[in-house]
Each structure stands twice: as structure tokens, then as C-alpha cells.
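Chemist: missing the sequence, but the structure's below:
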């Protein structure tokens, strides 16, 4: 009798001392840090190493003024050193990581980074090269609509980095060709594409107009490049645009027309619906206790169900890969 | 017929893209930079990468004030990162090396270091660990008498680093236990031990008193751990303490009583004697033109024959390993 064939081949056993590596790629202010923070809190800071790979710049801010490209351009970064450091982390080795100070625009003393059980790598270009991608157990691309991302970037850079809104807008415009050329192509290499966007109104779930302040919806493309938790029978099948429930799964076609699962969590999904899904995902792990309660917290400290389910799915993949 | 057995096994063929690696270890102000400078000049800066591995400090100067050890202590350094970077260089990979500013006592922006054909690594602890030592094709330990080294350190640190002589002496005293514990033990792992010391007077070569200003003599222990140029018939056999020529080779016993060749170049050796030896070493390489003329320059720009022959021997080993 032939061996059973898995649709996705099982990974080799993880060598001792090697961490689980997750990449969260996306453009500036796409939400990488918010998602990462929740994962670290859920898994425990003592088991996680969060690494931002946006410090591998070749030039400081003053030097970049005379250069024809922005920090998004691979030529503006030590991409080969980033690859090297990702490989070292993936093999369980420490690195001495460069540190770029976003306030001063200068480089400061490097930091020792030792990989714990889970290494979460976020940044602009972690999926830019094949050798970098090969370091990860799971890869994520954050893909909010550009108008949402621009609003987030203006809010953050004016509040935290001392820029005016006009300066941020000018910078976004200057970066756009390089966003198109180098950042967005990484979407093709993600196992999961995450899109937070304003919920459709009226709500297909309640039929009512969605009030202001309703959290963003999440649309998660679950590509068949890794083994996702089986949500058959847990999450109802929905249809795009039609009536459905606040949380549903549908078969869709990816940008390149390949089949893909799309998990939708509407912004007005309530806690009860979310908990059913969370418990189902969690039970797939065979873990004892329930899912972490700390998930879903936005920058403002508010819990949203779309963010909670998104983060839980990533926690699932980290724990699943560690088994 | 059995294969001919070499006394020292020939190294494996060098994989393409891998540099020749030379370590020059020694305590502070032992003469590492002076020797390195001549090697780079002789081989050509375009073929050499000189790396100082004294920038892998864990703590800056202010932080060290509260610590019970000095920069000589391995616990004060990222030894594992130094090992990693040496391994990467040995495999032909670039590194992003930390940079410590000796003037400010702080860390500054890291520097990209790409290995050229010859990588000369100098510093306090390059031979401290087995994995570090394994990266080198040849290893050198600089072993001047302590009073000479102290004088050199006072001269350099007062002239170039803004310390008073009293401060340098106090620091030397503070470092002494760690010099004994961590720096000097590296002498045992060197293929060549180099000792510059005041020449004996009267000169065993001329029989006359050695005038003030005569360059230091060099005593080179050539350990049978690598294949040295065969100087039989070129350099006369001398005897320690007895009459001899300005340059001679003698069989001696190492600190652990193992047999070793000792090449002595007296401070008043003249250029003609030196040139005979230099040409002999150079001809062993089968290289066309004569030995580089730029060797032997001290910090003051004066040529000395002991330094010239010392550097030529190291150039020999670098070129020989590259063949």
C-alpha cells in the first residue's frame, strides 16, 4: 500500500536550537509593529525575539539627501548582511544587529540579538530575496489600502517622529515608485496576505449601517503554501459582497488566479462569534488551555475581533511550526 | 611505492573566493599595527583587508567604569560574534563590523568589511578560542619584553589618545592580571612568535658596543606548525649568546621544550646581509620580481632590517598560502 501523500509535504524535523521564524513584511506604517506586539505578548516575551530589519541602511539621513533613492531601495540597504543575519538567526546563532535611530537619522551602537524560540522579523524588505525568504517558517505581507496606510503613516510620523503632515505626504509621494518596485512585489511571496480595510456598510452581517468607530475588517488570504488550520465546519462559507456572517471563509482566486482561501472577519463581528473561531483554531493545536486573551489590541489599546483572529492565526502558525 | 609523507600535511586546495587569513595577536601597543601596515603596503591595499578585532566590546567606556574587568577580559567582549565574523570572513563573506571610537570611548556606526584576497586580523584576542584560531592560515603572537611594550604604550596613548603617562601606567597595572590570564596564553597558539627587543651589546656581529639609536633586534620563533621557507645554507647557524652573524638561525627549545627554529636578526644587521636573506625567502616563492622594497618601516618612518625580515616572512606566508 503506498504511503499517504500529503498535499503539503511535512517539514523536516526542526534541528535542536533552531527557532521558528516568522516574517511580517509590508510598507511603512502598514501595521507591522502592532501585529508583532500582540504576538510577543501572547507567546511571552521570554520566548520571543522581535527583530526589525529596517536598520540595515547603507547611508544615514544626511547622506541620503544627495542620493537618487529612498530607504525602500535595496541599493540603500545592506541586503546581503540582512540575509546573512536572518540565516544566522534561523540557525539559532546570535547576531550583532545595526541600529538606526529614527529620531536622529543616524546609526547608533549595534545590539546583540539572540534568537529565542520564536523570532518575529518585521520590516520593509524581509522577503526581497530568495535567501532571506528561505529563512522563514511562515511569511506574512500586510496589504492595507493605500489611503489607510497613508493615514496611519501621517498619524504616526507626526505624533512620534516629529514630521509635519505635509512632509509625510511628500515623502510618501517620493517613495511611491520604490514601493511599487520593491515593497509590493513581496506580496507574491507571502503565505498569508493580510488586508485591514474599512468594513462594508451596511453590514452584510446585521444589515444595518456600520457606525463610525467600527473597527476595520480583516481579509486574510490563506495561501496553500503552508498548512493552515482546517476551518471547515467552524466558519461558514460566505460569498463576496453577498449576505453572510461576520466571519466567513470563501474560496477565491489569488492575484495570479491560483485558488486560495479567503478568511473574512467583518469589523462589527462580535466577541462571541470571534471566540468560536478562536477556540476552533486553538483546538487544532491540541494545546490544553484556551487561546491567549491579550490578542487584538490596537495601538489605541482597543480590542478588535479582526485583529484578534489575525494574530491568533499567526500564533497558531508559530506554535504549529514549533511542534 | 608509498606516497611521499610530508612532515606537515599540505592544506586542502583553497575553495574559490576564500581569502588567506593571518592573525596578529598581542597585548596593547605590542606593535600589531606597525607590522600590519607594512604587510598591506607590500601586498597592495587593493588585495588586503586589515581588520582590528578590538571593537567587539560589550560595554562602552562609561559602562566599564562600574565593571570589575577591563577590555582584555573575554566577558567584556562579544567573543562569539568575533568568532562568527572571523568565520564569515574566512568563507569569503562580508561582515558588518562594530566600530568602537577610542577617542570618545563610544560605539559608532558599524562598517561593512568585505574580505579581499588577504585578510590580516590584528587585536587583543583573535586567538582566544579554538573556533577563532581555526579561521587562520597562519597565526602570529607579538611578544616584546614588557618594559618595551609599556614604553610603546605610554608613547602612543599620550601622543594619540590624550592620556597622561600616569594614567597609562595605572591602566597597565590594572590590566596586568587579565594580560596574564587571557592575552599571553595566546602565545601558545601562534605559528610564529615575534619578539622585538634591545640588541645585545657589544654586538656579537661586529664586536663593538651597540650605539644608542640602533634598531631593536627581532627574535622569531618559527614553530613547525606551518611550513616555513627553508633557510638552510642561506642563514648561518648561530648559537645563543655566542659569537655569530647579525642574522642567524638556531635550533632551540620552545617554552614547552618542543624543538623550534629561532631566527635572530640583530639590530645592527646591515642592509646587505638583510637583502641576502630577503632574496632567499622571496626566491622560495618562485615569484618573478624581487621582494617588496617598502618593508621594515617603523612608526617613525625609519627602515630597520629586523622589521623588514619579520614582515617579509609574513608576506611569504600570505603569498604561499594563496598559491
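Modeler: Perfect, thanks for sending it. Just so it is clear, the structure is predicted and the values come from calculations on it, not from any experiment.

Chemist: Please make it C-alpha for all contacts and neighbour counts, starting now.
Modeler: Noted.

Chemist: Mind telling me what element the closest residue to residue A:162 other than its chain neighbours is part of?
Modeler: Distances taken as C-alpha to C-alpha, 6 or more residues apart in numbering or on different chains place residue A:103 nearest to residue A:162, at 7.9 Å, with adjacent residues excluded. Using DSSP states H and E, residue A:103 sits within no helix or strand.

Chemist: Now the phi/psi pair for residue A:103, please.
Modeler: When read as degrees, to the nearest 10, the backbone of residue A:103 gives phi -80, psi -50.

Chemist: which residues of the stretch 51-200 of chain A fall in helices?
Modeler: Ranges of helices in the stretch 51-200 of chain A, per DSSP state H, counting those that start in this stretch, are A:61-64, A:79-90, A:130-133, A:146-160, A:165-178.

Chemist: tally of neighbours for residue A:64?
Modeler: 16 (other C-alpha atoms under 10 Å in any protein chain shown).

Chemist: Please look at it and residue A:70 and confirm they touch.
Modeler: Yes - look at residue A:64 against residue A:70 with C-alpha atoms under 8 Å: they come within range, at 7.3 Å.

Chemist: in the lowest-mean-pLDDT helix or strand in chain A, what counts as buried?
Modeler: Here the helix or strand of chain A ranked lowest by mean pLDDT, DSSP states H and E is helix A:271-283, holding a mean of 89. By neighbour count on 16 or more other C-alpha atoms under 10 Å in any protein chain shown, the buried set for helix A:271-283 is A:274-275, A:277-278, A:280-283.

Chemist: want to throw those into a markdown table with distance to residue A:35?
Modeler: Shown next, in a markdown table, are those (distance: C-alpha to C-alpha, whole Å):
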| residue | distance to residue A:35 |
| --- | --- |
| A:274 | 17 |
| A:275 | 19 |
| A:277 | 19 |
| A:278 | 16 |
| A:280 | 21 |
| A:281 | 18 |
| A:282 | 18 |
| A:283 | 22 |
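
Chemist: Now do the strands in chain A.
Modeler: Using DSSP state E, the strands of chain A run over residues A:20-26, A:48-52, A:95-101, A:106-113, A:118-123, A:138-142, A:192-197, A:217-222, A:247-253, A:259-265.

Chemist: Run a quick neighbour tally on the closest residue to residue A:281 other than its chain neighbours.
Modeler: Closest residue to residue A:281 apart from its sequence neighbours, by C-alpha to C-alpha, 6+ apart: residue A:229 at 6.2 Å. Using other C-alpha under 10 Å, residue A:229 is surrounded by 17 other residues.

Chemist: got a list of what residue A:229 touches?
Modeler: Applying C-alpha atoms under 8 Å, 6 or more residues apart in numbering or on different chains to residue A:229 gives the contacts A:281, A:284, A:316.

Chemist: Tell me the pLDDT of it.
Modeler: Per-residue pLDDT puts residue A:229 at 92.

Chemist: measure residue A:256 to residue A:207 for me?
Modeler: From residue A:256 over to residue A:207 the distance is 33 Å, taken as C-alpha to C-alpha, to the nearest Å.

Chemist: go on, residue A:230?
Modeler: Distance, residue A:230 to residue A:207, by C-alpha to C-alpha: 29 Å.

Chemist: Before I go, just wanted to say thanks for your time.
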